Structures are given as C-alpha cells and as structure tokens.
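>>> fold the following for me, if possible:
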Amino acid sequence: MAFIDERTLTGLAEEHGVPGDVAGESAALLRPCVHLVKCEDLPEGGRSDLRPAGRTGGLPSLPEGVEWPGGAGPFVLSVDCAALPRDCLDIELPSDGQLLFFTTFEYEPENSAVLHVPAGVPGAERPLPGGPDDAEAAAYEPRPLYAVRGLTTDHDWYSSPAAEAFEAGNLMVGTREDIAAGRWENLLCVQQR
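As a prediction, this is how the structure comes out:
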C-alpha cells in the first residue's frame, strides 16, 4: 500500500511531467487523515509495539439496552478512539471508547449508523439481528487494523482549475501563494503549444 505525502505527490508529478502549479494545487488540497491498515500493509519499521486501532468484521460489543441499529446494514468496523493519533487530525473525534460502524457496501447514508460506546461502559457481543443465516447482516471475519498517519484529498481534486487547464493543454501561471490559497482569479491561463 502506498501512502501519500506532499513530497511524494510533488515528486511523482515532476517525474511524470506534471507542471509544478498542478502539483502545488493538488498538494494544497491534501488533508491529514488516519489510514486503518492490515499489519502487512504497515510501512517498513512501523510494525513494532503497535496495538490495533480497530477491526473489520466480527460482532459488535453493545452496551446493555442498546440494540443493533435497525435497518443500518451489517456491522463492518470498530475503531478504538484511544489508539488513534490525536496530533495529526483536523476533525474532532472522541478521545476514548469505540466507534461502531454499521453500513451496506453501497454506502447509502440512510442505511448506515455510527455508534460511540464510551470507554468503561460494559458491553456484550450481540448476535446478528436476523439470526446466523441472515445474508443482509452477515458477520464478516474479524481482522485487526492499525493506524497510520497520512494525507487524503478531496474526491473532486481533478476538477481544480490548474488540473483542468493542464488536461486541456493549457498552463495556469501564478504565484505559489495564490495557488496554495486557491485564489484562482489571480492566475493566468496560457495555451501550451
């Protein structure tokens, strides 16, 4: 598995002939994230003394009185909030406890649920709501996941002005500051020959 950082992005762009302004614009869209990966996908040297930060599959451990979310799809992921690196994210997450994710793989928001179970709240594994033969809510094989700091980008990065101009055979010219700040009105579009 390859992990994105700004140096990798700009280096690959240069290696493949992508102009610096396109790479700079793309790098400006990067946001911090935490990748949850299998042990074998951890970067070299990053495997010692790690505890799992989550797991896919298995059955959820729900507190007494909390039922499996109705219509939310199968249980797919639990995340140990205390095992996530705190200093690299720009979003608020609980500092402890478990986040339990229930969803279909079609990612239909109306069929998804996320529950936070605070640390120290006793829970018990709950069976599948429709029984073990319910194909809609099948329990997937549990697999541990480990947290790796990384970067992600907006899904719409390819429609940024410099990327669109580059794809059309044009070149966006401007200062690094204007590109990084997204001040597209300050850039000049030049046709390449």
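
>>> now do the strand ranked longest in the chain: which elements does it pack against?
Assignment by DSSP state E gives strand 143-152 as the longest strand of the chain. For strand 143-152, the elements it packs on are strand 31-37, strand 54-56, judged by 3 or more CB pairs under 8 Å, 6 or more residues apart in numbering; DSSP states H and E. (Glycine included, C-beta is placed from N, CA and C.)

>>> which stretches of the chain form strands?
Taking DSSP E as the criterion, the chain contains strands spanning 31-37, 54-56, 61-63, 75-80, 98-102, 113-117, 123-125, 143-152, 170-173, 188-191.

>>> rank these by pLDDT, which is bottom?
When the strands of the chain are ranked by mean pLDDT, strand 188-191 comes last with a mean of 46.

>>> quick revisit: what would the strands of the chain look like in TSV with mean neighbour count and distance to Thr8?
TSV is the format used below for the strands of the chain (neighbours: other CB atoms under 10 Å; distance: least, CB to CB, whole Å):
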stretch	mean neighbour count	distance to Thr8
strand 31-37	17	14
strand 54-56	19	25
strand 61-63	16	38
strand 75-80	22	26
strand 98-102	20	29
strand 113-117	17	31
strand 123-125	11	40
strand 143-152	18	9
strand 170-173	18	22
strand 188-191	11	27
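
>>> tell me which of these lies nearest to Gly24.
Taking CB to CB, strand 170-173 is the member of those nearest to Gly24, at 9.8 Å.

>>> where does this protein dip in pLDDT?
1-5, 45-49, 71-72, 105-110, 130-138, 154-193 (pLDDT under 70).
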